[in-house]
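Engineer: Predicted model, plus sequence, below.
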Amino acid sequence: MKPFAIVADSCSDLPKDFRQAHGIDYVKMMLNWTEKDGTVRENIADLDWETLSSKAFYDILRPHRITLTSFSPTLKKARMCFILPAPAA
């Protein structure tokens with residue numbers, strides 16, 4: 001059987017314990033938003049809320065922000081999910 005990997009992205013609703021139990025990795029997407037004053041902010045969309053708390057995320061969604069978008073990481077970062085360890089000798 002060929003090796004395979006199950007990979008989700010940070011829009012999925014998979015708790016950390018479930019991902020660990022089933023060997024599921026995920027690609028962290030990026031959040032990008034513009035403040036009212038025109039300042040552009042960026043943060044990693046993380047399923048475990050390590051880089052941005054859930055409160056901070058929902059505060060961003062409130063009307064005082066102008067735009068919120070998400071985008072995929074670079075190909076190099078996404079590829080890291082697919083790199084398999086070398087077979088044991």
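Structural biologist: Cool, got the structure.
Engineer: For the rest of this, base every contact and every neighbour count on C-alpha atoms.
Structural biologist: Noted.
Engineer: Strands of this structure, start to end?
Structural biologist: 6-9, 24-27, 30-34, 40-44, 67-71 (DSSP state E).
Engineer: least reliable of these going by mean pLDDT?
Structural biologist: Ranked on mean pLDDT, the bottom entry among these is strand 67-71, at a mean of 63.
Engineer: Can you pull out the low-pLDDT segments for this protein?
Structural biologist: The chain contains residues with pLDDT under 70 at 1-2, 63-89.
Engineer: count of residues packed around residue 19?
Structural biologist: By other CA atoms under 10 Å, the residues close to residue 19 number 15.
Engineer: what residues are up against it?
Structural biologist: Counting by CA atoms under 8 Å, 6 or more residues apart in numbering, residue 19 makes contact with residue 25.
Engineer: Kindly report the same for residue 7.
Structural biologist: So residue 7 contacts 24, 25, 26, 27, 81 (CA under 8 Å, 6+ apart).
Engineer: between those residues, which has the most around it?
Structural biologist: Per-residue neighbour counts (other CA under 10 Å) across those peak at residue 27, which has 20 neighbours.
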